[in-house]
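Enquirer: This is a predicted model, with the sequence first.
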Amino acid sequence: MGMAHSHPSGDPACAMAHGELPADAEPRTLVTVFMSPVSDYLLHFGRDLGFKTVLLEPDSERLAWGEWRNADEVATIPRDDFIDRYTDIVVTDHDRPELGKTIDSLLRMQYRWIGVMGSKRHAAPHVDALRALRVPEYAIARVHRPIGLNIGSKTPAEIAISVLAGLIADRNRRPGGHTF
């Protein structure tokens, strides 16, 4: 049996990192929109980070052949019982035909943060899709893109880590990266 590590500075963050203090108890929900490899990793790592995880997949046929083992809950439509002011929403596929309609319905709800995956090098398809639905520009501007920290991620797991790190930084009001 080891000795407890003492922190002479009394720094709560240090004590928490050593498991001596409980983590912040604020409820957190991570909603990934559309089944994808990145969505699966977001749900997996998100659960480890203390998020309640929800997969929102509007296409019920995809749910029939898909795997969602990392989701605490699966839904085909956004609902107030899992989306609230503590919810972070990540849209993981910007090429789906129901992109505009799905984001429009999410923008009408209360949430903490919403973003769509995609590169700055390419046009953001959600913008035109939302404009076609006559969504006001101020609402469209609330959708973050690109998302995640700029770590050069390429694989689905790396992309998920960069997105979750960005969400943690945003929640903690930090810039992310190596700027302290």
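Expert: Now that the structure is in, tell me what you want to look at.
Enquirer: got any ranges where the chain has weak pLDDT?
Expert: Low-confidence segments of the chain, defined by pLDDT under 70, are located at 1-9, 12-13, 15-17, 19-25, 66, 178-180.
Enquirer: Looking at it, which helix is longest?
Expert: helix 156-171 (DSSP state H).
Enquirer: which strands and helices sit next to it?
Expert: helix 37-48, strand 87-91, strand 113-116 (3 or more CB pairs under 8 Å, 6 or more residues apart in numbering; DSSP states H and E). All C-beta atoms are positioned from the backbone trio N, CA, C, and that covers glycine.
Enquirer: Out of these, which is closest to Gly152?
Expert: helix 37-48 (15.4 Å; CB to CB).
Enquirer: Contacts for the next helix or strand after the closest one next, please.
Expert: Downstream of helix 37-48, the first helix or strand assigned by DSSP states H and E is strand 52-56. The contact list for strand 52-56 (CB atoms under 8 Å, 6 or more residues apart in numbering) reads 27-35, 39, 42-43, 46-47, 68, 70-78, 82, 102.
Enquirer: what's the burial count for Leu30?
Expert: Neighbourhood size, Leu30 [other CB atoms under 10 Å]: 26.
Enquirer: That one is in what secondary structure piece?
Expert: strand 29-33.
Enquirer: what's that strand packed up against?
Expert: Against strand 29-33 (3+ CB pairs under 8 Å, 6+ apart) you get helix 37-48, strand 52-56, strand 87-91, helix 99-107.
Enquirer: All set, thanks.
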